[in-house]
Each structure stands twice: as C-alpha cells, then as structure tokens.
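Engineer: Here's my sequence, what's the structure:
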Amino acid sequence: MSRHSKIVATLGPATDDLDVLCKALQAGIDLVRVNFSHGKAEDHARRVALARKASAQVGRYVGILGDLSGPKIRIERFASGPVTLREGAVFVLDTALDPDAGDESQVGCSYQLLPKDVAAGDVLLLNDGLIALRVEAVEGTRVVTRVQLGGELGNHKGLNKQGGGLSAGALTDKDRRDIVTAAGLGLDYLAVSFVQSAADIEEARSLMRSAGGDCGIVAKIERTEALTDLEGIVRASDAVMVARGDLGVEVGYAELTGLQKRIIRLARHLNRPVITATQMMESMIVNPVPTRAEVSDVANAIMDGSDAVMLSAETAVGKYPVKVVAAMAQVIEGAEKWELARRDLSDPDGEFTRTDEAIAHAVMYTARHLDVRAIVALTESGSTALWMSRTRSGIPIYAFSRQGSTRRRVTLYRGVYPIDFDVTDTHPDVLYPTIFSVLLRRGLAQEGDLVIITKGELRGVKGGTNTMKILRVTREG
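Structural biologist: Model (predicted):
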C-alpha cells in the first residue's frame, strides 16, 4: 500500500481473458471502467461478472464504474472510403443527405439540430480537432463550410463546435436504457458524459434510483457549457472526471492544462474525488513503455490533486494492458514521493456542517502532529473516510465496513483502503483488540504503533461518526 492515488482501467477485448485481468489487478487497478459507448448490454454484464471473478481471485476489492455514451455528434459515412479534405475547399455537412453518400464535397450528419446550432463564422472541428471547418452559410439542412485545416477524414468521426454551443442534451434514450442496465448490474459509479448543468446530474441520479440502483454519480467535464455551471455540477455529483478529449477540442488545447488544474482544485475544495482521464499513456496501446511526456502528464495530474488517473484504450484494446497498469503505478509512486515531501498543511475553509466532517479533519490534523502509523475508520457509508482523504498525507486510511457497497465505493478515494469488518461487540475491551488483531494479522501495523480510530456511538447509522480515539497497538495476552 505504498501508492495512495488510484488507477481506473477500462475493460475491453484486451482484458477479456481472466488471467490477463487478474494480472492487471495485481499490477495496480483499483477500479474498472465499463464503457457503454461500445458493446451491448450482454457484453457489459459479461465483463462486470469477469471483473468480480478476478477481484475475488486476487483478493482485492475493486470498484466498477459505468461510463454513459452521451450524445454522439458524428458525421455519417463516405461512399468510397476515407476522403482527403484540402484547405480552402468547400465542404458541406448535410443532415438530410443519405448516410452512405458522403464524398470529397459533402457528408451526412447524424445530429439533426446542427443547422440550428451554428451560424456563419463558427468553427466546427472533426476527428478530435484534426480537421477544422469554418461555417460560411446555413441553407436549410445544409451547413456550408470552408476547410481551414485539412486532412484525411473517415466514417463516423466526432464533431465539435469550437467554444461550445451545441444544444444536444446530456442524456440520450440509449443512456436512459444503459442506466437501467447499470442499476441491474449493481455498479458502484456511473459517469454522465457531456454534462451541461447540475440538472443533468440530478436527472441521472433520479433515473438510477427509479431503476433500483445506488451508484455514485460522476460528472464528466468535457463541454464548454459545463464551465459556466461548474460549481453547481460538482456539488450535485459524487465525483468528477476531467475528460480532456472533447474538452480540449472545444476550449482549445492551450487552455486545457489551466482548466484541468481549476477543475481539480474546485473538486477538492468541495470534497469530491476527482479522476483525470484521456490519453494518459496512449503510446502504450502499441508500445511497451510510456513516453517521457506521458510520465510527466500522469505525475502532474497526481501533483495537481487527482484522486485517480484513468486508462482508456491502453487497457481496453492495447497490446500491453498489464504493463501499462504497472507503469502508471510506478509513475504515481514517484510523484507521491515528491508530493509528500511537501506536507499539505492547509486548513478547511468555512464552517463544518456535519459532525463526521469535523471528526475527519480533527483526525488528520492530529495525525500530522503525531507519529501515527494508520487511521481506522469504522464506517457504514464511507463518508468519514472520504473527508479524511481530502487531506493529502502519507498515512493510510483503512475503511473498516460491513457494507460491500461501501468497501467498493472507497476504492476511488485517495489513500483509503477497504477492509471487511462487522462490529459484533462495541465494548472497548472487545472492539479495540479485535481491530488490533486485524491490523497485526495483515501486517498493517506493529505492536506499539499509534493508530487513530473513528467510530459512531450508534451502530449502523450512516454519517454518524462522532468519536476519535488515539490508541497504541497491543497484542492480546
């Protein structure tokens, strides 16, 4: 447990073998991601079952994150394969064109509202910004553009409007069906793509509850519109993902690094876990080692305050799914060595609104000023562990919980490690020696170490932590 920040890895064909997935979990995966953009419901169910089997086999709790597709704004298809767009040429996007009739002069578009959402002077970006088109006119269903940045263009490439402004909602009919699937599979987190406002998060949460699920809702920040309601979105969510792909296309790559830092800072300020994602080690899809730039990217995301960093195609379809997880784990450990040399002595802003929040901050303040080996949080919901994880420290936080959902949920929290523990006797003469026995048996503490234990006086009450104890580990007898 020398690594505190977490790794999210996407499941796919490259991890469909149980042995490969087990090795990848052992290399450092903390949560797996099921991408609803690819595959059918039965594929997702099969991969979730495989992840749970691998988790049991390696003896590690692993959270499962479902990622909704969101509105896919794409062009249609070309009749004779990919075309090359020349700079200065006229190119038309036509929502009424036959989906298979594209050529060097025009192509269909699946997004029917495009003519209403754009005007002359707007810049449209295709294929992650590799091709740029300036709108010259809108003629009914036809958006007439002139190529500013040309190149090869293939079928179904994504379309963005520079600066944002496309009116597509965050949740599609497919997303609503996938939410029902996610609830049925008992996923731990659900990421909502292309969020525009807090209302998108609230709608997804309502749909999840109606379907009988209790996922934590993750807001993916990848649209310019989200930046205008960023604080509201973060407050409405359980966690945040900095989705740098579409975000970088819409705002421009020059702005992306500053925005990443701003989003992470706000998420931490509002006590939400934050995941940094997209192209973190993309070269390892085909290469066995990362580039130096990728190493710096992952390390800086950790130093910025990310709870977790995410792998996408690297583990889903890459040639080296186990090696890329191991490489990311090594980079995280290196970054944390530097980071922990600079102790986080910041105090929380404002007043506490919950007792468990106050206890959590008291614990971390005390732990920084005592030689504490570990922190043990007896928790129903995991909220105390979450509060404590907001303070960057090198002290491990063990979430002792009888709730399986809580043990999986805390796998996203920086520096928090789940342990199955059911309080059968709350009397101190029984409870504390039992906790010590678990710590000693697992090698998490040694006799004589100081530990801090937090608990609630009323057993089974979520958010009821109101007690902090500083104890020295002893052996029975």
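
Engineer: Mind giving me the packing neighbours of the worst-scoring helix or strand of the chain on mean pLDDT?
Structural biologist: Using mean pLDDT, DSSP states H and E, helix 355-369 stands out as the lowest-scoring helix or strand of the chain, at a mean of 82. For helix 355-369, the elements it packs on are strand 372-378, helix 383-389, strand 450-455, strand 467-472, judged by 3 or more C-beta pairs under 8 Å, 6 or more residues apart in numbering; DSSP states H and E. No exception for glycine: its C-beta is placed from N, CA and C like everyone else's.

Engineer: how much does that helix deviate in direction from strand 467-472?
Structural biologist: 30 degrees (axes from the mean of the first three to the mean of the last three C-alpha atoms, to 10 degrees).

Engineer: What residue spans form the domains of this protein?
Structural biologist: The record assigns the chain these domain ranges, following automatic domain parsing: 6-70+169-340, 83-161, 355-472.

Engineer: tell me, which of those is the model least confident about?
Structural biologist: In terms of average pLDDT, domain 355-472 trails the rest of those, at a mean of 88.

Engineer: First-to-last residue distance for that domain?
Structural biologist: Domain 355-472 has an end-to-end distance of 25 Å (criterion: C-alpha to C-alpha, to the nearest Å).

Engineer: With distance to Glu76 added, can I get the domains of the chain in TSV?
Structural biologist: Listed next are those as TSV, based on distance: least, C-beta to C-beta, whole Å:
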stretch	distance to Glu76
domain 6-70+169-340	17
domain 83-161	3
domain 355-472	38
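
Engineer: Can you check which of the ones you listed gets nearest to Arg77?
Structural biologist: Closest approach to Arg77 among the domains of the chain (C-beta to C-beta): domain 83-161, 4.3 Å.

Engineer: what about that closest one, distance to the chain center?
Structural biologist: Centroid separation between domain 83-161 and its chain, computed with C-alpha atoms, centre = their mean, to the nearest Å, is 31 Å.

Engineer: again, but for stretch 417-435
Structural biologist: 32 Å.

Engineer: try stretch 198-213
Structural biologist: Computed by C-alpha atoms, centre = their mean, the chain-centroid distance of stretch 198-213 equals 18 Å.

Engineer: same question, stretch 362-375
Structural biologist: For stretch 362-375, the distance to the chain centre is 28 Å (C-alpha atoms, centre = their mean).

Engineer: For it, buried residues please.
Structural biologist: Of the residues in stretch 362-375, those buried under the neighbour-count criterion (16 or more other C-beta atoms under 10 Å) are Val363, Met364, Ala367, Val372, Arg373, Ala374, Ile375.

Engineer: What lies in contact with it?
Structural biologist: If you take C-beta atoms under 8 Å, 6 or more residues apart in numbering as the criterion, stretch 362-375 is touched by 343, 345, 388, 391, 393, 395-398, 439, 444-446, 449-454, 468, 470, 473.

Engineer: Need the distance between the two termini of that stretch.
Structural biologist: Rule used - C-alpha to C-alpha; the end-to-end distance of stretch 362-375 is 12 Å.

Engineer: Likewise for stretch 30-50?
Structural biologist: End-to-end distance (C-alpha to C-alpha), stretch 30-50: 15 Å.

Engineer: Identify the residues contacting it?
Structural biologist: 6-12, 15-16, 18, 21, 51, 62-69, 72, 174-175, 178, 181-182, 185, 187-189, 191, 308, 310, 312, 316, 411-412.

Engineer: one more time with 6 Å
Structural biologist: Applying C-beta atoms under 6 Å, 6 or more residues apart in numbering, the contact partners of stretch 30-50 are 6-11, 51, 63-69, 178, 181, 185, 411.
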